[in-house]
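Student: Got a predicted structure here, sequence first:
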Amino acid sequence: MESLQNHLKQFMNSKGFRETYLNLKQQIKSDKDVRLFLEKHKNQIDEHMIDRSLGKLYEFVTQSKFCRECRNLDECKNILKGYHPTLIIERKTIDLKYDKCPRKEAYDARKKQESLIKCMYVPKEILNAHLEDIDLNEPNRLKAVSLVQDFVEQYGQNDRLKGLYLYGSFGVGKTFILGAIANELAEKGVPSMLVYVPEFVRELKSALQDHSLNEKIDAVKKIPVLMLDDIGAESMSSWMRDDILGSILQFRMLENLPTFFTSNFDFSELEHHLTYSQKGEIEQLKAKRIMERIRFLAIPVELKGKNRRQE
């Protein structure tokens, strides 16, 4: 029985194969981009090199080389999704180099920005917020945005930057502003974390069971910019107030790590809330300690306006 190698050799030497090969080679050489490349490097390329590199040339011809040929990154038909090929000469053969296309670069930049914003229990749409989307009709909202812009501009230059304590009624846009701050910081490459406090409190109680408590607390403690959303809405135990919240705020105060807050309470109302534990204990001194740290970390700004959640 003849070997497979002999069969292949006979096929490749057959008239039918040679005609198919030559037709394919001619089609590839007729491609506009291939033709321009061969003309540009005509002193370096001969027919033997073309024959040896025909597979790479065919790959080049069949790949998308312009983003306009794809409606979006998911529909990219290239072997390496989001990368387009360029012909190069490498070690006396024609080869391909793949570079990121503009769609891929934009996608990676967006993903990198998203990765800088850690979000705990906050609606994802909040992370699409931007400062230019904030309604500035109310003067106090203009003040908040102005302070945010100052913060973002000075971050990294001033070691003692204060965050904001945004307080006001339901639905006036406090959390939306936090999302906008997170996006502004991400554009500068600054990581931040946005934490919905009531859910975080419940999560930490569960973390006692799976031994992940210290890991979760450390993540919140050490993030460069922390945003605690809706503080005061939680049912606060003495342990949560003193050992958890107090510990987090103390660390951030000592390390000069900027911290933002939102609440339905002003400072005096939040202090009253923190005074009473779940067990009904009245602990004014411990509440004052927490408030001293919050005052050190943040500038109070009241937000007024209509409830946008009801629109």
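Tutor: Sure, I can see it.

Student: Distance check, His130 against Ile294.
Tutor: Applying C-beta to C-beta, to the nearest Å, the value for His130 to Ile294 is 27 Å. C-beta: built from backbone N, CA, C; applies to glycine.

Student: where does this protein have low pLDDT?
Tutor: Where the chain drops to pLDDT under 70, the residues are 1-15, 67-69, 106, 109-117, 121, 278-280, 307-311.

Student: okay, His130 and Ile294: which has more neighbours?
Tutor: With neighbours defined as other C-beta atoms under 10 Å, His130 and Ile294 compare such that Ile294 has more, 23 against 12.

Student: check contacts around the more buried one.
Tutor: Counting by C-beta atoms under 8 Å, 6 or more residues apart in numbering, Ile294 touches 165, 249, 261, 267, 270.

Student: so the last one is in which element?
Tutor: By that I understand Leu270. helix 267-275 (DSSP states H and E).

Student: Show me what secondary structure element comes after that helix.
Tutor: Tracing the chain past helix 267-275, the next element assigned as helix or strand by DSSP H and E is helix 284-297.

Student: So what's the gap between that next one and the chain middle?
Tutor: 33 Å (C-alpha atoms, centre = their mean, to the nearest Å).

Student: Could you name the helices and strands sitting against the helix or strand just after it?
Tutor: Downstream of helix 284-297, the first helix or strand assigned by DSSP H and E is strand 298-303. Counting contacts by 3 or more C-beta pairs under 8 Å, 6 or more residues apart in numbering; DSSP states H and E, strand 298-303 is packed against helix 139-154, strand 163-168, strand 259-263.

Student: Please parse the chain into its domains.
Tutor: Listed by the TED database, the domain ranges of the chain are 4-100, 107-302.

Student: Would you map the helices across this structure?
Tutor: Counting by DSSP state H, the chain has helices at residues 4-13, 15-30, 32-40, 47-52, 54-62, 102-116, 139-154, 174-187, 197-210, 213-222, 238, 246-254, 267-275, 284-297.

Student: Can you name the residues that contact Phe267?
Tutor: 165, 291, 294-295, 300.

Student: of these, closest to Asp31?
Tutor: Using C-beta to C-beta, Tyr165 comes nearest to Asp31 of the contacts of Phe267, at 63.5 Å.

Student: partner residues bridging that closest one?
Tutor: On the basis of DSSP bridges, Tyr165 is bridged to Phe261, Pro300.

Student: Does it touch Glu302 like I think?
Tutor: No. When contacts are counted by C-beta atoms under 8 Å, Tyr165 is not listed as touching Glu302 (9.5 Å).

Student: Can you report how many residues neighbour the residue nearest to Leu245 when sequence neighbours are not counted?
Tutor: Leaving aside its sequence neighbours, Leu245 sits nearest to Ile290 (C-beta to C-beta, 6 or more residues apart in numbering; 6.3 Å). By other C-beta under 10 Å, the residues close to Ile290 number 21.
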